[in-house]
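Q: after the sequence you'll find the predicted model.
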Amino acid sequence: MHKFNNRLAASGEAEVLYSGGDYLVRKPGAFVRCAVSGKAIRLENLRYWSVAHQEAYSSPEAALEAEMRHRQAGGKPVDERLNSSGQRPDAGQKGLVKRG
């Protein structure tokens, strides 16, 4: 589970590593940006992200739009991607992650 302490958090944009079902704050901050809209998403409100694309989304609609853009750009769907061990890079989670 991610560690987040409001008293120690910086007020700027956080740097986050997204994983299946959770995320790790690599650089403290108060928010991340939606990859589709550019809207600031406070970390305590972050619910949607893509492990494969390492992107945050402000809503399920934004997450779907981003996945469609990636597919149109020639990216493989998340379920078709394999790492060198023959596993999906998201450690068994399917597609987009919803938290909370």
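A: Thanks, I have it.
Q: partner strands of the host helix or strand of Tyr18, with direction?
A: Using DSSP states H and E, Tyr18 sits in strand 15-19. The strands beside strand 15-19 in its sheet (DSSP bridges) come out as strand 22-27 (antiparallel).
Q: now the helix or strand just after the partner strand: mean pLDDT?
A: Using DSSP H and E, the helix or strand that directly follows strand 22-27 along the chain is strand 31-33. When pLDDT is averaged over strand 31-33, the result is 98.
Q: show me what secondary structure element comes after strand 31-33.
A: Following strand 31-33 in sequence order, the next helix or strand is strand 40-42 (DSSP H and E).
Q: same for that next one, what does it pack against?
A: strand 31-33 (3 or more C-beta pairs under 8 Å, 6 or more residues apart in numbering; DSSP states H and E). (C-beta placed from N, C-alpha, C; glycine too.)
Q: now do the strand it packs on: everything it contacts.
A: Residues outside strand 31-33 that contact it (C-beta atoms under 8 Å, 6 or more residues apart in numbering) are 13-14, 16, 39-43, 46, 56.
Q: which one (most neighbours) among those?
A: Within the contacts of strand 31-33, most neighbours by other C-beta atoms under 10 Å means Ala56, with 26 neighbours.
Q: circling back: now the strand holding Tyr18 - C-alpha only, PDB.
A: Provided in PDB are the C-alpha atoms of strand 15-19 (Å, rounded to 0.1, in the frame of the first residue of the first chain):
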ATOM      1  CA  GLU A  15       6.000  11.500  -9.300                       C
ATOM      2  CA  VAL A  16       4.300   8.200  -9.000                       C
ATOM      3  CA  LEU A  17       5.100   4.600 -10.100                       C
ATOM      4  CA  TYR A  18       1.800   2.800 -10.800                       C
ATOM      5  CA  SER A  19       1.400  -0.900 -10.100                       C
END
